[in-house]
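Peer 1: Coordinates only, no sequence provided:
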């Protein structure tokens with residue numbers, strides 16, 4: 001696929017953990033940023049994406065094009081839609 005996923009998360013968030021597990025299951029390349037000590041930055045990031053929860057998941061293609069996925073449920077739906085293509 002060549003995509004790389006970025007996940008902004010909190011360490012004790014079950015949906016954040018599930019998102020990382022899903023990315024492992026899907027054998028994708030990804031980075032996780034644990035934001036426990038960066039709550040102000042996390043809030044600014046959530047506001048910039050008009051998103052109110054964690055995780056925040058972003059997909060970046062090889063060519064640099066970015067797609068904001070959303071949270072864990074959105075990530076699952078994204079992979080399901082790719083499987084149906």
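Peer 2: Perfect, I can see it now. If you're wondering where the values come from, they're calculated on a predicted model, not measured in any experiment.

Peer 1: What residues are bridge-paired with the most centrally placed residue in the chain?
Peer 2: By CA atoms, centre = their mean, the chain has its centre lying nearest to residue 57, at 1.9 Å. Here residue 57 sits in beta bridges with residue 7, residue 70, going by DSSP bridges.

Peer 1: Distance of residue 71 relative to residue 57?
Peer 2: Remark: distance between residue 71 and residue 57 (CB to CB, to the nearest Å) = 7 Å. All C-beta spots, glycine's among them, are computed from the backbone N, C-alpha and C.

Peer 1: list the residues that contact both of those two?
Peer 2: Listed as contacting both residue 71 and residue 57 by CB atoms under 8 Å, 6 or more residues apart in numbering are residue 19.

Peer 1: List the buried residues of the helix or strand residue 74 falls within.
Peer 2: Secondary structure from DSSP states H and E places residue 74 in helix 72-83. The neighbour-count check on helix 72-83 (16 or more other CB atoms under 10 Å) flags 72, 75, 78-79 as buried.

Peer 1: Distance to residue 23 and pLDDT added to those, as a markdown table?
Peer 2: Listed next are the buried residues of helix 72-83 as a markdown table, based on distance: CB to CB, whole Å; pLDDT from 0 to 100:
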| residue | distance to residue 23 | pLDDT |
| --- | --- | --- |
| 72 | 10 | 98 |
| 75 | 8 | 98 |
| 78 | 11 | 96 |
| 79 | 9 | 95 |
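
Peer 1: give me the number of residues near the residue nearest to residue 6 when sequence neighbours are not counted?
Peer 2: Nearest residue to residue 6, sequence neighbours excluded (CB to CB, 6 or more residues apart in numbering): residue 58, at 4.5 Å. Using other CB atoms under 10 Å, residue 58 has 18 other residues around it.
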